[in-house]
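Q: my questions are about this predicted structure, shown below with the sequence.
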Amino acid sequence: MKCIGPHNVQTWICQILLVISCLLASGQVLASQLSSDSLKQSDYPEVADKTIVEILDISYDLHREDLAKALAYVDIALERSHEKENLLYIFYGLRYKGLYYENNNQLESALDEYIRALEAAKKQDNNELILTIYTDLAITHRKVGNYQKTKDYNLKALELAKQIDHKQAMEISYHGLGFLYETIGDYDKAIEMYLQSMEVADALGNTEGVITTMQNIGITYTKVNNQNLALETIDKAYQLALEHADSMRIANVLLDYGNILANNKEYDKALKKLDQSLTIFKKSHEKSSIARTLVQLADIHTEKGAYEYAQNLFLQSLTYSSYINSGDYADLYYKLGQLYLKKKQINQAEQALQKSVKIAEEHNLKDLIQENNYSLYKIYAEQGLYEKALKHLMTSSETKNYLLNEDKTKRIAEMQFRFDSEKSEKEIQLLKLRQNRFLLFGISGLFIVLVFFFGYTIRIKGKNNDQLANKNEEIQAQNIKLKESNEVLKQFAYVAAHDLKEPLRNIGSFINLIQIKYGQQFNEEANEYMGFVKNGVKRLNGLLTDLLEYSQISSQAPENDKVVVGDVLPSIRRSLRELIHSTDAIIDCPEQLPTLCISRTHLTQLLQNLISNGIKFCDRQPIINLDCYRENEQFTLLSVSDNGIGIDPSYGEKIFNLFHRLDRATEREGTGIGLTICKNIVDKYNGEIWFESKEGEGSTFFVRLPAQARTLSDAIVENNQQNNLLLPVN
């Protein structure tokens, strides 16, 4: 008879546990499917009158509390989407399912749904949706520990973003690569990627992106114990946030600032920063952020030994439990249990730890399962409850072994990833070297061929050498002149803004001084002449200012910001406040205006010029009517109507010419550049601008822009952003 050794016994036990866990998992899946099918059959009337987007919203609200029910609602939405053959809704339904699995730590299922969503995005040939899913896949693979796939998907997103010149996606991809390298401990590479992300964000004028990346860099410096650079970087982020005057961004930076200070054992300074952050969050009613800040304050007070104060903060954070994710919620009870143990309040500690382990088991949070069970083991062992103690010790040990194996697997994956990355870089360098050699040989061969070709050409066309040389000299001279002319034009805006305006200001100042000192000695005619001079100075100053604005607009590239038309009206009213007040002008527009894909600055300048013209060129109380609507699937039409003096239609396109004025004899302000700026802006976006007018009755200016305004996809994306559905890079 063969003897069974300890190793064989352990193997048998592991196999039995594996079979049991598989059966349990199968049971859970079956139960989830049965629950989903049951809900579809019995509860379908609940959502019969709901749109697909509304059903998805309901599912999102449920997914943390009842995953099976949330998935069932998504399946209903997907079923309707398939019936309507709506690929966009199918994409969002699949992506929602991936997100729900990811938030409930079922990462393999999440990856399956994201892959299906990627296929739906590719069928639509929608690059923005593909970019979104690439990012989702990168984040989830990082959580799984598959770092090579994380890198692959981030690089795919980066390559696609560069192809379609999607700067924001490039920023996110670089940021994702930075966080990947930070995760595996390659901090130099992480900072390199973060800096590239910050460079793109800065070029976009995305101050928030710059600040967020600086926060990550500061945290990375903390991980390499470079506290000086960490504090220096987070302080720069804080100063930039103050300049940006965004209270929520300031609060988030203060949160990281406090954590970095606490990591440096500067507890009093850390508490001050966190208290400031908490005050802002409370004013903004950001309940999840309030809870997170309260926990961090409690951690510091625990470190300082202020147990009662820390306990009060932990209990305050529990009042926001519905706004805390499952991982943080389980961790909160674990910390509270540890605090009770420090205070020798064993019963309260046991209750808190039991609550934590229950949440952790529901959401498969292995690290908290292990830590809680080990703490409960110690409690029961000290009380002499050895059966309970043994049960928790076994669970803790099994989970710890699992975590050790998982950690070992991740470390192997990290080492493999680093090895592959270094190998890839060496292969790239070798390939570049080979390419350079090949290029050198190719250029050398080409050079030899060219030498023979030019020798032959020189021999055949020797008589024309002198003429050719003269022509080349002429062309070079013309190129030099053209370059000089272009340089002069580049400097013109600066000269107009500064060098020309300075003597103009001096002339105006001296005219005022002459009138003040000698005005009483002048006769009426002389004073009238002085008035002409002052008006000329004022008009010339206006011309230079408008010309500078025109040159700046001409050099600016179009941007693809999504701007609601009505959002720019308050700033326009402020800019034209004096003109509106002096004329009692009325500016009327519908309450709901669509979204345009245009730079906010360009849209503001366009509308401000059209509205101010309507007010200035009016002999009665000005009434301006603004409207904007989708003309068809291809175009959005914007119109600005007034009741002014009108324009002779025969002028046609002349009114958009630089410095062209139709009423030079009048005293109305204006330089004739406003409509030229409008035409320049519209041309940047491949649009059209024209007018309809009747003299004495008013004018209407029409602007037709390509329809990149609000679409069904935009509406869903905006809804997702409001619910934090579009995941951040980290």
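A: Structure's in. What do you need?
Q: thought residue 643 was touching residue 700?
A: No: Residue 643 lies out of contact with residue 700 (C-beta atoms under 8 Å); the separation is 10.5 Å. Backbone N, C-alpha and C define where each C-beta goes, glycine included.
Q: quick one, helices of the stretch 501-650 of the chain?
A: Ranges of helices in the stretch 501-650 of the chain, per DSSP state H, counting those that start in this stretch, are 501-518, 524-555, 569-575, 577-583, 600-616.
Q: out of the ones you listed, which is closest to residue 185?
A: Nearest to residue 185 among those is helix 600-616 (41.0 Å), distances taken as C-beta to C-beta.
Q: just checking, what packs against the closest one?
A: helix 524-555, helix 569-575, helix 577-583, strand 623-630, strand 635-641, helix 674-684, strand 698-706 (3 or more C-beta pairs under 8 Å, 6 or more residues apart in numbering; DSSP states H and E).
Q: tell me which strands the fourth one pairs with, and in which orientation.
A: If you go by DSSP bridges, strand 623-630 pairs up with strand 586-588 (parallel), strand 635-641 (antiparallel).
Q: contact partners of that strand?
A: By C-beta atoms under 8 Å, 6 or more residues apart in numbering, the residues outside strand 623-630 that reach it are 565, 569, 585-590, 593-594, 596, 607, 611, 614-615, 636-643, 707, 709.
Q: and with 6 Å instead?
A: Applying C-beta atoms under 6 Å, 6 or more residues apart in numbering, the external contacts of strand 623-630 come out as 565, 586-589, 593-594, 611, 614, 636, 638-643.
Q: buried set for it?
A: Of the residues in strand 623-630, 623-626, 628 count as buried by neighbour count, 16 or more other C-beta atoms under 10 Å.
Q: including mean pLDDT and mean neighbour count, could the helices of the stretch 501-650 of the chain go into CSV?
A: As requested, these are exported to CSV (pLDDT from 0 to 100; neighbours: other C-beta atoms under 10 Å):
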stretch, mean pLDDT, mean neighbour count
helix 501-518, 74, 13
helix 524-555, 71, 15
helix 569-575, 90, 14
helix 577-583, 90, 12
helix 600-616, 90, 22
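Q: dump the ones you listed to JSON lines, plus distance to residue 320.
A: As requested, those are arranged in JSON lines below (distance: least, C-beta to C-beta, whole Å):
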{"stretch": "helix 501-518", "distance to residue 320": "57"}
{"stretch": "helix 524-555", "distance to residue 320": "48"}
{"stretch": "helix 569-575", "distance to residue 320": "34"}
{"stretch": "helix 577-583", "distance to residue 320": "43"}
{"stretch": "helix 600-616", "distance to residue 320": "35"}
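Q: helices of the stretch 301-450 of the chain, residue ranges please.
A: With helices called from DSSP H, counting those that start in this stretch, the stretch 301-450 of the chain shows them at 307-318, 326-342, 346-362, 366-382, 386-460.
Q: show me the shaky parts of this protein.
A: 1-46, 406-447, 449-470, 479, 481-502, 539, 542-557, 658-671, 708-730 (pLDDT under 70).
Q: which among the contacts of strand 623-630 end up buried?
A: Using 16+ other C-beta under 10 Å as the burial test, the contacts of strand 623-630 include 565, 587, 589, 593-594, 611, 614, 636, 638-643 as buried.
Q: tell me which residues in stretch 84-94 are buried?
A: Quick answer for stretch 84-94 (16+ other C-beta under 10 Å): 87-94.
Q: out of those, which are inside helices?
A: Of the buried residues of stretch 84-94, the ones assigned to helices by DSSP state H are 87-94.
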